[in-house]
Structure formats: C-alpha cells, structure tokens
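[1] 3D, please:
(3 chains)
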Amino acid sequence: MGSVIAFWILAALVVGSAVGLVVRRNPIHGALFLVVNLGGVAALYLMMHAEFLAAAQVIVYAGAIAVLFVFAIMVLIPGKEETGPDPLRAQRWLAVPLGGFLALEIALVLRSTVFTTSRSPATVPGGVEAVGRLLFTDYLFPFEVTSFLLLAALIGVMALTKRKAS
Amino acid sequence: MTGYLPVVIYLVLIVGFGVVSLLAARILRPSRPYPAKLDSYECGAETIGEAWVQFPVGFYLVALIFIVFDALAVFLFPWALSLRDFGLWAVGTMTIFLSILSLGWLYAYREGILEWK
Amino acid sequence: MTDAVDAFVAGFIVLSAVVGVVTYVTLLERKFAARMQSRIGPYRVGPHGLLQPIADALKLLMKEDIVPRLADRVVYNLAPIVFLIPGMLIFATIPFAPGLGVADLNIGILFFLAVSAMEIVGLFMAGWGSNNKYALLSAMRAVNQIISYDLPFIFTALVPVLLAGSLRLSDIATAQAGLWFVFYPVIGQLAFAAFIITTLAAENRVPFDILEAESELVAGFRVEYSGMKFALIQLGEYAHMVGTSFLGALLFLGAWAGPGPAWLGPVWFLLKAMGVFLLVTWVRWSFVRIRVDQILAISWKLLLPLSLLLLMATALVVVLRSGPGV
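    Residues are numbered from 1 along each chain as shown, chains lettered A, B, ... in the order given. Sure, this is the predicted structure:
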C-alpha cells in the first residue's frame, strides 16, 4: 500500500517536472526541472530494487548531465527567455503524429506477453554486486566497447570546440 | 523498499526542519524594505544591468570531460565489489578499459584542453 | 508501522545531533583559527565564548530577510532548502556505532557520493537566483571546481572499498578492526593524503576558495542572502564538511574503534571526525590561495591519473594477497 502511494507521488513528480521543463520559457528553470525529473526517475528505479541504476542515474544524469546542460545554457543564452517567433514552428505539427505513434507503441508493448507474466521485481537482480558479476561475464564485450564510445565522445567534443576557438 | 523508508523519513525531517525554521524567522523578524535595500549588492555602486551574462566556453568543456570520467567512475563500483570473485581477470579487463579511455586523456593533455584559459 | 516510528525517532535524533554538532563546529573552527593567528577568538558570550553559536543562531533568526528586486524569487527562495538537503542527507547512511544510525544501506558509500554531488544544485540555484554578478560568478566557479575534484574524490574513496570488499559503510568500518586503512603500507597514506586534498577542494576552502575569494567576490554565492536563509546555507555547507570528515574518519581511521567500553564508540568516532576536520582547517589557515587555472590543472593533470593509478595498484594488491581468483 505504501509503495503504491509512493509510486503515484513520484509519478506525478516526474510527469509534472517533465511538463514544467517543456512549458517554462526560461532555460535555467527548464534545467532545474530536468534535475527534479531525473531524480524522480532515480527514485522510481530504487522502488524497483535497481539500486545501482538509481545511484548511477543520480551521479551521471542528475549530477553530471544536468551540470552540462546548465553550463551549455550559461555559455549560450543565460537568463534570456525565448522571444520572437519560433523558426521551427512548422515542425510542431509533427509532434501530433509522432506522439500518437509513441502512444500506440507503448500500448502494444504493455499488451505484449513480456509484461503479462507477472514477475516480482525482486527476482531481477539490480544490486551493485549482481551488475558487477554480469559486467565481467555476459556483458564483458559491450562493457569494453563502452570505453571506445566514451573515447569517441571525448575526442569528438574536443575537436569540435577546437575548431570553433580557432 | 523497506531499507529506504528511514532515509525517506529522514529526508522529510530535513525539509521540515528547513521550512519550520524559515517560518519561525518570518514570524520573528522585522521587515522594513526600501528601494536602496533591495538593490543588488555591487560594492556600493549602482547596479548596472543583470548578472545573467554569457560565460566562456571553458566551463562547458570541463563539464564534458567530467561526464566521460563520471561514467567511468560509475563502472568502478560494481567492479570494486566483484574484484575478489574475478581476481586478476577483473583487474585486467578494467586495465584495458582504462587504457582506452586514457588515450582521450592524453589527447586532451597534449592539445592543451586541460589548461584553463 | 512500528518501523516507521523507529525510523522517525532515529531520524529525529540524528538530525538534532547533526544540527547541534555542526553549530558548535563553527565555534571550534573559529577558536582553532584564532589560536593559529595568536588570537583568542569568541570569548564574550558565555564562559570562553561557549554560547556564541547559540547567540549567532538567535541573531540570524531575528534578522530581516532581504530579497533583491532583480532576483529570480522562486529559485532564490528555494535554494537554501535545496542546498541544505544533501548536506544533511549524507549523514543518513553513516553508522555512528555498530547498528546506530538512520539506515546502514548496502550501497552506503555510493549513496553518500551520489547525495553529496547534489550539493551543486542548491549552490547554483543560490548563485543564479540572486542575479548578482559576484554570486553568479562564484557559483559557476564553485560548480566547476567541485566537478573537477569529484572524480579524484570518488577514486580515493574507492580505495578503502577495495580493501574492505564492500560498499556498506559498517563493513568498511569493521574491516579495519585489525589495521586502520590509513596505516595500510604506502596505499593507505597516499589515499588519505589524496582524500584530504580533494576534501579541501570540494569544500571550497582556502587554498581552494576562488569562489569566495573575499578580496574579489565578497561572500561568494551567498552574498545576497540574509537572516535565516543565510543560516540554512551556512548550516548546509558546514554539515557537508562535517559529514565528509565523518566519512574520512570512517574510511581511513577505523570509525568507532578505540580503547574503552563499546559505548565510547560514537565518542571516538566524533573525535576522529573532528580530527579530520581540524586537519583540513589547519591546511586552510596555513596556505595562500591558488589560481583558477592551477586549481583545475592540479585536479585534471595530476590527481585524476594518480588516483586512478593508486586505485588500480590497490586492486592488484588486494587480488594478489587474496590469492588467484576464478
């Protein structure tokens, strides 16, 4: 019972902050809503016993990614509200069919057999130790490939900013 | 998740402490604002414009490099726990992971990205 | 239901104790700093100035609250509470004695580091919401510095985790029953030294205090705050420092281990944490401020690779000492 109430409070928080992120015209307010949103999602992970995922979500997303967004805003357009006509206004109409498509997709996923077999979340190991064991056995190759991804991201960023500076 | 119930209650208590002390201050404190008092502090000079100005791109770069190594740091926690089970295997695989990433660090070092300008 | 009541009582006791200790740590710091400069420090309120923190708290409670006209009111008003939360919440997972604490989570140190990193949110909100040039510049510098030193901090905090083989803080404490990790040959001393340096930087203290360099940025990101909001920000900052000192005492100094009966454990723990705090304060009052570029260079060019190397060396030692695995 308690966890159901907690879920609905968190769900309202997550959805509400997501709406706030979209609606607010001040980019910094948007970034702050994003922090709330990501933190709420971390709490939802925690409720599903995915402790490691929750902590990683807070450290990487609510911490690092949010800082990146804030710094990007401060480097580009601090304090300025978006004014004037939206140059990409025509694309807004794309949101309707795309949103409908997403809703359809979610409906199909929820109806599929994956979720009808009720597995209690406790049977899925989400602890840090379980993640570690999987990382060095079944998922060793993806894990090592991740380092290449991170390397590519790092070098790409540096190359981009260097060209701009010169 | 019963293990986290105490943490949630503790969090509520912290927020409660903050709110109550602010409310108590609101009852006790005086409030006599006048225009000069509400000016932004600028060492006694008249405030010129807003503080929300553009910052140099260096901040953004630091944040980007931080994210990459933060993702690495997150991987270290499960690794630390399974170290005893996997022994040298775990040390070896993590060494490979770190060597690949350290190439990016070396590049940043040589290109002078780690200098603050 | 009784669980919730127990948790409420435990949380209430821990919160009160933390507020009390943190309030008096300000006096300890002022007295210590005064002695280092051949001064006496607070002396007038109560015997030897012992009532000074209470007088400070009462004064701040009665002070007028000023919200600058240009400020972003909502962000400005929320910032003190948002800043207070991580500083206080890091104490949730610290065991003050075996079984004595809010919650001895099995991901203890991960929780501590994740919550501790959230400090920058409230800090940035305070700096940005004030719409003050000093405050915003200070907040940007602070966030920049904190994220730069967060990585070496995590890596050095992982060294005791490797030695103990657990993320649970009480396990790390009991693993030091034979040998405090600070006395672990070579690795322990290096890790402890790195921990102190990164703690200094993460707490934005001299010599790493570019964010509030009094001569250029007045009081830093909290310059526009007054009254109780200022008090909450100070409380959050000092709580964060004290919490980190407790973590240092737990990771390297054997936590509650000490001579005497078991009930003395929390006292020993507190004394060790205060020892770490005073060590940091000692460094703080002994060195001059370092430039921004030097601060970032120390972290990215030196501490980051060295702490990673130390971590890998520790892993190798742990594996070789426990015999070949798999």
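
[2] just the CA atoms of stretch B:17-35, as CSV, please.
    The C-alpha atoms that make up stretch B:17-35 are tabulated as CSV, following Å, rounded to 0.1, in the frame of the first residue of the first chain:
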residue,chain,number,x,y,z
PHE,B,17,13.4,21.5,9.7
GLY,B,18,14.3,23.9,6.9
VAL,B,19,10.7,25.0,6.4
VAL,B,20,9.9,25.4,10.1
SER,B,21,13.0,27.5,10.7
LEU,B,22,12.2,29.7,7.8
LEU,B,23,8.6,30.1,9.0
ALA,B,24,9.7,30.9,12.6
ALA,B,25,12.1,33.5,11.2
ARG,B,26,9.2,35.0,9.2
ILE,B,27,7.2,35.5,12.5
LEU,B,28,10.1,36.9,14.5
ARG,B,29,12.0,39.1,12.0
PRO,B,30,11.3,42.7,11.1
SER,B,31,10.5,43.7,7.5
ARG,B,32,11.3,47.3,6.5
PRO,B,33,12.3,47.2,2.9
TYR,B,34,13.1,50.3,0.9
PRO,B,35,14.4,50.7,-2.7
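
[3] just confirm yes or no for that stretch near chain C.
    Yes: Stretch B:17-35 comes into contact with chain C (CB under 8 Å from any CB of the partner chain), by way of B:17-19, B:21-22, B:24-26, B:28-33, B:35. For the C-beta atoms, the positions are set from N, CA and C on the backbone; glycine is no exception.

[4] for the helix or strand hosting B:Thr93, name the packing helices and strands.
    Using DSSP states H and E, the element containing B:Thr93 is helix B:88-110. On a contact count with 3 or more CB pairs under 8 Å, 6 or more residues apart in numbering or on different chains; DSSP states H and E, helix B:88-110 meets helix A:140-165, helix B:58-86, helix C:304-321.

[5] measure the nearest residue to C:Met241 once chain neighbours are set aside to chain A for me?
    Leaving out its chain neighbours, the residue that sits closest to C:Met241 by CB to CB, 6 or more residues apart in numbering or on different chains is C:Glu203, at 5.1 Å. According to CB to the nearest CB, to the nearest Å, C:Glu203 and chain A sit 17 Å apart.

[6] I'd say C:Glu203 and C:Ser245 touch.
    No: contact between C:Glu203 and C:Ser245 fails when scored by CB atoms under 8 Å: they sit 9.5 Å apart.

[7] okay, the two: which has more neighbours?
    C:Ser245 (24 against 21; other CB atoms under 10 Å in any protein chain shown).

[8] distance check, that one against C:Pro152.
    Separation of C:Ser245 from C:Pro152 (CB to CB, to the nearest Å): 18 Å.

[9] do the same with C:Ala193
    11 Å.

[10] now do C:Leu247
    Counting by CB to CB - C:Leu247 and C:Pro152 are separated by 15 Å.

[11] re the thing from before, more neighbours, C:Ala193 and C:Pro152?
    More neighbours surround C:Pro152 than the other of C:Ala193 and C:Pro152, with 28 against 12 (other CB under 10 Å).

[12] residues contacting the more buried one?
    Going by CB atoms under 8 Å, 6 or more residues apart in numbering or on different chains, C:Pro152 touches C:194, C:197-198, C:299, C:303-304, C:306-307.

[13] element containing it, please.
    Going by DSSP H and E, C:Pro152 is part of helix C:133-164.

[14] next, the angle from that helix to helix C:304-321.
    Between helix C:133-164 and helix C:304-321, the angle comes out at 10 degrees (axes from the mean of the first three to the mean of the last three CA atoms, to 10 degrees).

[15] common neighbours of C:Glu203 and C:Ser245, please.
    The contact lists of C:Glu203 and C:Ser245 share C:Val280, where a contact means CB under 8 Å, 6+ apart.

[16] right, and C:Phe112 touches C:Leu247 too?
    Yes: counting by CB under 8 Å, C:Phe112 touches C:Leu247, with 6.2 Å between them.

[17] who has more neighbours out of those two?
    Taking neighbours as other CB under 10 Å, C:Phe112 and C:Leu247 compare with C:Leu247 leading, 29 against 26.

[18] that one contacts C:Ala157, correct?
    Yes: in this structure C:Leu247 lies within contact range of C:Ala157 using CB under 8 Å: 7.3 Å.

[19] intersection of neighbour lists for the two?
    C:Ile109.

[20] what phi and what psi does the backbone show at the residue most central in space within chain A?
    Chain A has A:Leu38 as the residue nearest its centroid, 6.2 Å off, counting by CA atoms, centre = their mean. The phi/psi pair for A:Leu38 (degrees, to the nearest 10) reads phi -70, psi -40.

[21] mind checking what secondary structure the residue in chain B that chain A sits nearest to has?
    Going by CB to the nearest CB, chain A is nearest to B:Trp52 of chain B, at 2.6 Å. The three-state label given to B:Trp52 by DSSP: H, G, I helix; E, B strand; the rest coil is coil.

[22] what's the distance between it and chain C?
    As defined by CB to the nearest CB, B:Trp52 lies at a distance of 7 Å from chain C.

[23] doesn't C:Pro80 lie inside a helix?
    Yes: under three-state DSSP, C:Pro80 sits within a helix.

[24] can you count the residues close to it?
    25.

[25] can you find the helix or strand of chain A with the lowest average pLDDT?
    helix A:113-116 (a mean of 63; mean pLDDT, DSSP states H and E).

[26] buried ones in the helix or strand following that helix?
    Where DSSP H and E defines the elements, the next helix or strand beyond helix A:113-116 is helix A:128-135. For helix A:128-135, the neighbour count (16 or more other CB atoms under 10 Å in any protein chain shown) marks A:128-133, A:135 as buried.
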